[in-house]
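A.B. asks: Pasting the sequence and the predicted coordinates here, then a few questions.
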Amino acid sequence: MLIATLIAPEGRLGLQDLDKAALAIGGAGGVAGEPRWLDEGFAVDLPVARIDAGAARAVLEGLIGGADVVVQPAAGRAKKLLVADMDSTMITIECIDELADYAGIKAEIAEVTERAMRGELDFEAALDARVALLAGLGAEMIDRCYEERVRLMPGAIPLIRTMRANGARCVLVSGGFTVFADRVAAEIGFDRALSNVLEIADGKLAGRVARPIVGAETKRRTLLAEAEALGINTAEVLAVGDGANDIPMIQAAGLGVAFRAKPKTAAAAGARIEVGDLSALLWAQGYTRAQWVE
């Protein structure tokens, strides 16, 4: 049995939407069961059978305006491990672009960031090139950037704290920098953070990133190692990110989610969140609002 969870952050889901979804499933050869509200108007579970997850998702995505849909097996939907990206996922910005703004070269850096996140450039080479352009920037700008620019993505705190309150482990794995990721992880409540180290010399950015670089393969390996350490299989893992360097970990997870993602990442993921915030991932796991830890 599969569960299709329809999620509307504006709370506008109605019975007509559920009828439309059931008809779409039936038209694709499946059978829709009795819907169950998680939070009326906001999120509903629709059991579906005699159809695979990909086909169900294909007919439901975009069917209802202002709604996301997650289709997955009913069993084990509340995950025991979350592995998440940071920039543009757990926070609203790309930290390297904002640092570059203090150096007066944001447009130049942001263009490279966008291409790297789209998978058009090699991540490691693009990171080295961007960081080299920041050489000489005062290290005090890191704290200023964090205070002035870093904002948590809506839904980040309830997602992490609710999962941890229910026994899950939460790991932040970022191609960004420890000077941001460690603080973000602590603020949100992650169990662990892994990211890149910006080299600093004489109070200024040296224009280098310490090795080894945390990239796509590191993210995937971290997910597998964390799952092994917990004694769980990958079906019990949720991974979420937005960039091309998140694809390997997204595809390794039982529920791999592309969050407001670049096209290549969205196409590779088993679920996409385009409308809602990170709290959509709580509804996707079957948590009602009354169970969220705010």
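C.D. replies: Perfect, thanks for sending it.
A.B. asks: Hmm, residue 48 and residue 29 touching each other?
C.D. replies: No - proximity of residue 29 to residue 48 does not meet the contact threshold set by C-beta atoms under 8 Å, at 10.7 Å. (Glycine included, C-beta is placed from N, CA and C.)
A.B. asks: For the two, indicate the residue with more neighbours.
C.D. replies: Applying other C-beta atoms under 10 Å to residue 29 and residue 48 shows that residue 48 carries more neighbours, namely 27 against 10.
A.B. asks: Could you give the secondary structure assignment for the more buried one?
C.D. replies: strand (DSSP: H, G, I helix; E, B strand; the rest coil).
A.B. asks: Just list whatever residues bridge to the residue most central in space within the chain.
C.D. replies: For the chain, the residue nearest the mean C-alpha position is residue 240 (2.8 Å; C-alpha atoms, centre = their mean). Taking DSSP bridges, one finds residue 84, residue 257 as the beta-bridge partners of residue 240.
A.B. asks: Pretty sure residue 281 is one of the things it touches, is it not?
C.D. replies: Yes - contact criterion C-beta under 8 Å: residue 240 and residue 281 qualify, at 6.6 Å.
A.B. asks: that's a helix at residue 10, yeah?
C.D. replies: No - with three-state DSSP as the criterion, residue 10 is located in coil rather than a helix.
A.B. asks: Can you give me the distance of the closest residue to it other than its chain neighbours to residue 8?
C.D. replies: Setting aside the residues directly before and after it, residue 10 is nearest to residue 66 in space (C-beta to C-beta, 6 or more residues apart in numbering), at 5.6 Å. Separation of residue 66 from residue 8 (C-beta to C-beta, to the nearest Å) stands at 5 Å.
A.B. asks: and those two? which has more neighbours close in?
C.D. replies: Just comparing residue 66 and residue 8: by other C-beta under 10 Å the higher neighbour count belongs to residue 8, 23 against 14.
A.B. asks: residues touching that one, list them.
C.D. replies: 17, 41, 42, 43, 64, 66, 67, 68, 275, 276 (C-beta atoms under 8 Å, 6 or more residues apart in numbering).
A.B. asks: element containing the first one, please.
C.D. replies: Secondary-structure assignment from DSSP states H and E places residue 17 in helix 15-27.
A.B. asks: tell me the mean pLDDT over that helix?
C.D. replies: For helix 15-27, the mean pLDDT works out to 98.
A.B. asks: and stretch 128-144, which residues are buried?
C.D. replies: Going by neighbour count (16 or more other C-beta atoms under 10 Å), the buried part of stretch 128-144 is 130, 131, 133, 134, 137, 141, 142.
A.B. asks: quick one: contacts for the closest residue to residue 168 other than its chain neighbours?
C.D. replies: Distances taken as C-beta to C-beta, 6+ apart place residue 80 nearest to residue 168, at 5.2 Å, with adjacent residues excluded. Taking C-beta under 8 Å, 6+ apart as the criterion, residue 80 is in contact with 167, 168, 169, 230, 232, 236, 237.
A.B. asks: same deal with residue 96?
C.D. replies: By C-beta under 8 Å, 6+ apart, the residues touching residue 96 are 87, 109, 113, 127, 130, 131, 134, 176, 177.
A.B. asks: so how far is the one helix or strand it maps to from its chain's centroid?
C.D. replies: According to DSSP H and E, residue 96 maps onto helix 95-102. Counting by C-alpha atoms, centre = their mean, to the nearest Å, helix 95-102 is centred 21 Å from the centre of its parent chain.
A.B. asks: do stretch 137-147 as well
C.D. replies: How far stretch 137-147 lies from its chain's middle: 25 Å, per C-alpha atoms, centre = their mean.
A.B. asks: And for stretch 280-294?
C.D. replies: For stretch 280-294, the separation from the chain centroid amounts to 16 Å (computed by C-alpha atoms, centre = their mean).
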